[in-house]
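Enquirer: The sequence isn't on hand, but the structure is:
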DNA sequence: ATGTTAACTATCTGGTTAGTACGTTAGCGC
DNA sequence: GCGCTAACGTACTAACCAGATAGTTAACAT
């Protein structure tokens, strides 16, 4: 007998239930599309591309499987749409990004703490789509990172950030410091004895990241 | 029609083939167990718990599915055995661990570069088993990390490593810096324009990590 | 009011898969 | 040589699931 493989409680999207016995809602393409995307975000984040069930997503969206194929063509197409949507809709406005203050890494970690689903999406992307020649929304993402790198380089010329550190490697490292605890909660628990979602953990790590930021800032600045 | 979901080329364990038309090998429990573990490591690393196929693992091991259940009880039991095996067999001897030199993070990253399969195993563990109350081999792993933390704390008392940084948070951060690029190759490519397996990337990052290590070392030391 | 099409639903299909029932045999102790 | 058990093999089942087929209906334009 196929045992449906158990799903991590922490990550789980609860059993999908249609959002009430549906009195035939008026037709509304945008609304249906949006509901499918939202449902897919939940399930893909919890179970990945292979693990998510197309029927479950449709049920959660209060529609049926056919609509999903109608709008997104395939399961993989839906995943790409989810990633694209999460990337464009939830990105913080470019203007108000803190990339050079001493507390920047701590702030980034706070953003990541509120984006656990996005972190998991990135992990599934890495594991289940790592071959795909094209990275989803490559241009957009690359532009955002280039922007970030440029901000670091400016700060290096200003003397705020040590100039001996390669800017791109530094960006990668700041991402690593902010994302890693949420990506590997089991390692976080083993090392620090706290769950990454524990407010005490976040506070401790904030303090740590602020001090680390201080060590990575020229004193004469 | 079920399209077997495509698998990342980079991560792929090639199609399993029985290791020759088998003239009935003499019975050998240890050898069979070991072959199953090795095959399972490949497939679980490439495709995860849900994604790996029990029949494919058995075929690759040159045995059949029944043997796998005979020795490991279930698919999940096999995954746990693989993790346990990888943890105990491949861990570097406790004596020769470099935890406090300025190049320690760079060295750790080199170890991780040779352990891509292990990194992926940790990711699958995080994604597909994050609820399990018990972390696999918790005692062993916790002990190894405690050891590491203690080494850092000693170095802090010696003044080699800044004492204002929480030792546990620092261990977590060093893991993050060393593992992240291999865990998220797509982000690494977006940020640095290089694949993490590219020798040029590894060299650049080594330089970076060494300099970062220097910034995290008291000058007066 | 009528035709057209976008939006929507119900049901089927062909292939896959974890786990099992049940049978066979090698090798060891005596 | 004999019996016992660990080691091994075959074939099956019950369930699952992505995607397809074949429709129906609401809304809008003319």
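Expert: Structure received. Because the structure is a prediction, the values reported are computed rather than measured.
Enquirer: got a list of what residue A:182 touches?
Expert: Counting by CB atoms under 8 Å, 6 or more residues apart in numbering or on different chains, residue A:182 touches A:112, A:113, A:116, A:119, A:188, A:196. Using the backbone N, CA and C atoms, a C-beta is placed for each residue, glycine as well.
Enquirer: which of those lies closest to DNA strand C?
Expert: Nearest to DNA strand C among these: residue A:119, at 26.4 Å, using CB to the nearest atom of the strand.
Enquirer: got the buried residues for stretch A:101-120?
Expert: The neighbour-count check on stretch A:101-120 (16 or more other CB atoms under 10 Å in any protein chain shown) flags A:102, A:104-110, A:112-113, A:115-120 as buried.
Enquirer: which of those residues has the weakest pLDDT?
Expert: The lowest pLDDT within the buried residues of stretch A:101-120 belongs to residue A:102, with 88.
Enquirer: Would you agree it is in contact with residue A:212?
Expert: No: counting by CB atoms under 8 Å, residue A:212 is not a contact partner of residue A:102; they are 9.2 Å apart.
Enquirer: helices and strands around the one helix or strand residue A:42 maps to, which ones?
Expert: Using DSSP states H and E, residue A:42 maps to helix A:29-51. Identification of packing neighbours for helix A:29-51 by 3 or more CB pairs under 8 Å, 6 or more residues apart in numbering or on different chains; DSSP states H and E yields helix A:54-60, helix A:65-72, helix A:75-89, helix A:116-128, helix B:29-51, helix B:116-128.
Enquirer: buried set for the third one?
Expert: Right, helix A:75-89. A:75, A:76, A:78, A:79, A:80, A:81, A:82, A:83, A:85, A:86, A:87.
Enquirer: Just put those in CSV and tack on pLDDT.
Expert: Listed next are the buried residues of helix A:75-89 as CSV, based on pLDDT from 0 to 100:
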residue, pLDDT
A:75, 95
A:76, 94
A:78, 95
A:79, 96
A:80, 94
A:81, 94
A:82, 95
A:83, 93
A:85, 93
A:86, 92
A:87, 88
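Enquirer: If we only consider the residues you listed, which is nearest to residue A:61?
Expert: Comparing the buried residues of helix A:75-89 against residue A:61 with CB to CB picks out residue A:78 as the nearest, at 10.7 Å.
Enquirer: ok, that closest one - contacts?
Expert: Here residue A:78 is in contact with A:36, A:40, A:44, A:57, A:68, A:72 (CB under 8 Å, 6+ apart).
Enquirer: related to what we said a few turns ago, could you pull out the buried residues of the helix holding residue A:42?
Expert: Across helix A:29-51, burial judged by 16+ other CB under 10 Å covers A:32-33, A:35-37, A:39-51.
Enquirer: Stretch A:185-199 now?
Expert: Here stretch A:185-199 shows A:185, A:186, A:187, A:188, A:189, A:190, A:191, A:192, A:194, A:196 as buried, counting by 16+ other CB under 10 Å.
Enquirer: what is the mean pLDDT for it?
Expert: The model assigns stretch A:185-199 a mean pLDDT of 96.
Enquirer: quick one: contacts of it?
Expert: With CB under 8 Å, 6+ apart, stretch A:185-199 has contacts from A:10, A:113, A:116, A:181-182, A:200-202, A:204, B:122, B:125-126, B:130, B:135, B:138, B:141-142, B:145, B:149, B:168-169, B:171-172, B:175.
Enquirer: Could you do stretch A:27-41 as well?
Expert: Residues contacting stretch A:27-41 (CB under 8 Å, 6+ apart): A:16, A:52, A:57-58, A:60-63, A:67-68, A:71-72, A:78-79, A:81-82, A:85-86, A:117, A:121.
Enquirer: Distance check, the closest residue to DNA strand C within chain A against residue A:35.
Expert: Minimum separation of chain A from DNA strand C (CB to the nearest atom of the strand) falls at residue A:29, amounting to 3.0 Å. Using CB to CB, to the nearest Å, residue A:29 is found at 11 Å from residue A:35.
Enquirer: Residue A:50 now?
Expert: In terms of CB to CB, residue A:50 sits 23 Å off from residue A:35.
Enquirer: ok, stretch A:160-174 near chain B or not?
Expert: Yes: Stretch A:160-174 is in contact with chain B by CB under 8 Å from any CB of the partner chain, via A:162, A:164, A:165, A:166, A:168, A:169, A:170, A:171, A:172, A:173.
Enquirer: Just the buried positions in that stretch, please.
Expert: Those would be A:160-162, A:165-174, for stretch A:160-174 by 16+ other CB under 10 Å.
Enquirer: out of these, who's nearest residue B:91?
Expert: Of the buried residues of stretch A:160-174, the one sitting nearest to residue B:91 (CB to CB) turns out to be residue A:173, at 25.4 Å.
Enquirer: Report the distance from the host helix or strand of that closest one to the chain centre.
Expert: Residue A:173 is part of helix A:167-183, with elements assigned from DSSP H and E. Distance of helix A:167-183 from its chain centroid, counting by CA atoms, centre = their mean, to the nearest Å, is 13 Å.
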